[in-house]
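Chemist: coords please:
(one chain, ligands or ions: 2)
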Amino acid sequence: MRVLVIGSGGREHALAWALNKSPMLTRLFVAPGNAGTAEVAENVALDITDHEAVLGLIRRENIDFVVVGPDAAVVAGLGDDVRAAGVRCFAPSKAAAQLEGSKSFTKTICDEAHIPTAAYGSFDSAESALAYLQTRSAPIVVKADGLAAGKGVTVAMTLAEAEAAVRDCFAGAFGAAGARVVIEEFLEGEEASLFVLADGESYVLLPSAQDHKRAHDGDLGPNTGGMGAYSPAPVMTEALTAEVERQIIRPTLDAMRNRGMAFTGVLFLGLMVTRDGPKLIEYNVRFGDPECQVLMARLQSDALELLLAVAEGRLNSVTPKFSAETALTVVVAARGYPGAFSKGEVIGGLDAAEAEGVKVFHAGTRRENGAVVSAGGRVLNVTALGATVAEAHARAYRALSHIDWPGGYCRRDIGWRAISRG
Ligand code: AMP
Ligand code: GLY
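Modeler: Ligands and ions are numbered 1, 2, ... in the order given. Have a look, this model is predicted:
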């Protein structure tokens, strides 16, 4: 089987690495890929927002199956275009991808299906949003409705901060994504993520994971795409998972099916475990990055067979197996990320790091004159397995010490919440 993975981050390297182990695979392509994916697949330079160009590659290389990684590509409906060309695809439809593409859409589904989530208001003008804020108190959360490259959420500690966020949104800070604003209640608790594969009829739960969104140790500093992750997340106990399945997952999948928008692909639940039980913070309609890296590190089943079963509506015939071990990944980012940072710096010591028995997934890297150089904000994901979070943590950081890149930085405390639980 000839497979194409769309994307260029650590998530896509992890997917390509997992797919590459399948005996069903004959050729693997990644568009556009990075220096890491080039080790397990053929990279194809391509503008993935140009769906005609993607379809051209599919025809030229006789691709049988496409796996779409990034949120923007899924929300733009690349899955629909690939399927319209008669090719199987792991990605929800554009309609179902509204679960990530529009926060107000998700809130409507939550209202209809009585799904526990933060109380909210949804507004199409600055005036109405500001008037609503007058009736609320801080802390409060202001969100651009659409995709805003992870930057559309403001957790405001004062009403003045919330008002500024509302004005920024309607002034065009996030383009069309900010033409509508959702204002919601601040939820207190511990965050966790859960992943569900769904084929339109059946679904299977994948393990939980937890990422670290803040740039600095102690969960301080600016929000990022994720500075590290581990799986499983001990906060997601079996009882809690069962509650989430009953109160959130099943009602959502049923509501989407009833609307004629059956969800297929991977549904990524961002949850807050509050004193009143689990509440939905948000949906994403693709694997998390770096959560995917820890899930793929633990996956023991054939990844190609599993993702294909989703695309072909055969999920009831497969049971994915995951290692009982904990996987933990540490993101090495370019100094300055999530703000301005340099690119093109040579990175050494990757083989020595992997010789410690870890997997180094690449994110923003490319090859230049034979060397791996930095090419993005998040650059490497050092991924280790261990019997406990503490062991996986120790292994990842031991391997990391071999990486020679003065321009990089990482958090030193990935997994701290789970480790402090003992
Ligand atoms: P997002 O960009 O939607 O992933 O949101 C970024 C982060 O904002 C989440 O991971 C949470 O930490 C935080 N957040 C979003 N909504 C809420 C909320 N209602 N209450 C508290 N924190 C929130
Ligand atoms: N790590 C969070 C995300 O992929 O959205």
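
Chemist: how about the residues of the stretch 101-250 of the chain by ligand 2?
Modeler: With C-beta under 6 Å from any ligand atom as the criterion, the stretch 101-250 of the chain meets ligand 2 at residues 211, 225, 226. (C-beta placed from N, C-alpha, C; glycine too.)

Chemist: closest to ligand 1 out of the residues you listed?
Modeler: residue 211 (8.3 Å; C-beta to the nearest ligand atom).

Chemist: and for that closest one, the neighbour number?
Modeler: The tally of other residues near residue 211 (other C-beta atoms under 10 Å) stands at 25.

Chemist: what do you get for residue 83?
Modeler: Residue 83, neighbours per other C-beta under 10 Å, totals 17.

Chemist: once you drop chain neighbours, what's closest to it?
Modeler: Spatial nearest neighbour of residue 83, excluding adjacent residues (C-beta to C-beta, 6 or more residues apart in numbering): residue 89 at 5.3 Å.

Chemist: so that neighbour is in contact with residue 79, correct?
Modeler: Yes. Using C-beta atoms under 8 Å, residue 89 is in contact with residue 79, at 4.8 Å.

Chemist: where along the stretch 1-150 of the chain do the strands fall?
Modeler: Under the criterion DSSP state E, counting those that start in this stretch, the stretch 1-150 of the chain contains strands at 2-7, 27-32, 42-43, 65-68, 88-90, 120-123, 140-144.

Chemist: wait, I meant the stretch 201-350 of the chain
Modeler: With DSSP E, counting those that start in this stretch as the criterion, the stretch 201-350 of the chain has strands at 203-211, 214-216, 220-223, 228-231, 264-274, 277-284, 326-334, 346-347.

Chemist: deepest-packed of these, please.
Modeler: Most buried of the strands of the stretch 201-350 of the chain by mean neighbour count (mean count of other C-beta atoms under 10 Å) is strand 228-231; its value is a mean of 30.

Chemist: what does that one rub up against?
Modeler: With contacts defined as C-beta atoms under 8 Å, 6 or more residues apart in numbering, strand 228-231 is touched by 207-212, 288, 290-291, 293-295, 298, 326-331, 389, 392-393, 410-411, 414-415, 418.

Chemist: buried set for the helix or strand of the chain with the lowest mean pLDDT?
Modeler: The helix or strand of the chain with the poorest confidence is helix 416-421; it has a mean of 85 (mean pLDDT, DSSP states H and E). By neighbour count with 16 or more other C-beta atoms under 10 Å, helix 416-421 contains the buried residues 416, 417, 418, 419.

Chemist: thinking again about what came up before, any residues in contact with both of residue 89 and residue 79?
Modeler: Shared contacts of residue 89 and residue 79, defined by C-beta under 8 Å, 6+ apart, are found at residue 68.

Chemist: which residues of the stretch 101-250 of the chain fall in helices?
Modeler: Per DSSP state H, counting those that start in this stretch, the stretch 101-250 of the chain carries helices over the ranges 103-113, 126-134, 159-170, 238-244, 250-258.

Chemist: still on that earlier bit, now the strands of the stretch 201-350 of the chain as a markdown table including mean pLDDT and distance to residue 142?
Modeler: Converted to a markdown table, those look like this (pLDDT from 0 to 100; distance: least, C-beta to C-beta, whole Å):
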| stretch | mean pLDDT | distance to residue 142 |
| --- | --- | --- |
| strand 203-211 | 95 | 22 |
| strand 214-216 | 95 | 18 |
| strand 220-223 | 90 | 13 |
| strand 228-231 | 97 | 26 |
| strand 264-274 | 96 | 17 |
| strand 277-284 | 96 | 14 |
| strand 326-334 | 98 | 26 |
| strand 346-347 | 98 | 38 |
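
Chemist: quick one, which of those gets closest to ligand 1.
Modeler: strand 277-284 (4.4 Å).

Chemist: do you know how far the residue in the stretch 51-200 of the chain that ligand 2 sits nearest to is from residue 282?
Modeler: Closest approach between the stretch 51-200 of the chain and ligand 2, counting by C-beta to the nearest ligand atom: residue 150, at 6.6 Å. Residue 150 sits 11 Å away from residue 282, going by C-beta to C-beta, to the nearest Å.

Chemist: and what of residue 146?
Modeler: Distance from residue 146 to residue 282, by C-beta to C-beta: 13 Å.

Chemist: equivalent analysis for residue 33, please.
Modeler: 28 Å.

Chemist: for residue 22, same thing?
Modeler: From residue 22 over to residue 282 the distance is 31 Å, taken as C-beta to C-beta.

Chemist: before we move on, what about residue 293?
Modeler: 20 Å.

Chemist: how about low-confidence regions in the stretch 151-300 of the chain?
Modeler: Judged by pLDDT under 70, the stretch 151-300 of the chain has no weakly predicted residues.

Chemist: nearest spatial neighbour of the residue nearest the centre of the chain, skipping sequence neighbours?
Modeler: The residue lying closest to the centre of the chain (C-alpha atoms, centre = their mean) is residue 288, at 1.6 Å. Once flanking residues are discounted, residue 288 sits nearest to residue 268: 5.4 Å by C-beta to C-beta, 6+ apart.

Chemist: so what's the one you found up against?
Modeler: Shown in contact with residue 268 (C-beta under 8 Å, 6+ apart): 193, 194, 195, 283, 284, 285, 286, 287, 288, 291.

Chemist: thinking again about what came up before, which neighbours do residue 146 and residue 282 share?
Modeler: Between them, residue 146 and residue 282 share these contacting residues under C-beta under 8 Å, 6+ apart: residue 103.

Chemist: wait, isn't residue 254 in contact with residue 113?
Modeler: Yes. Using C-beta under 8 Å, residue 254 is in contact with residue 113, at 7.1 Å.

Chemist: those two: which is more packed in?
Modeler: Comparing residue 254 with residue 113 by other C-beta under 10 Å, the one with more neighbours is residue 113, at 17 against 12.
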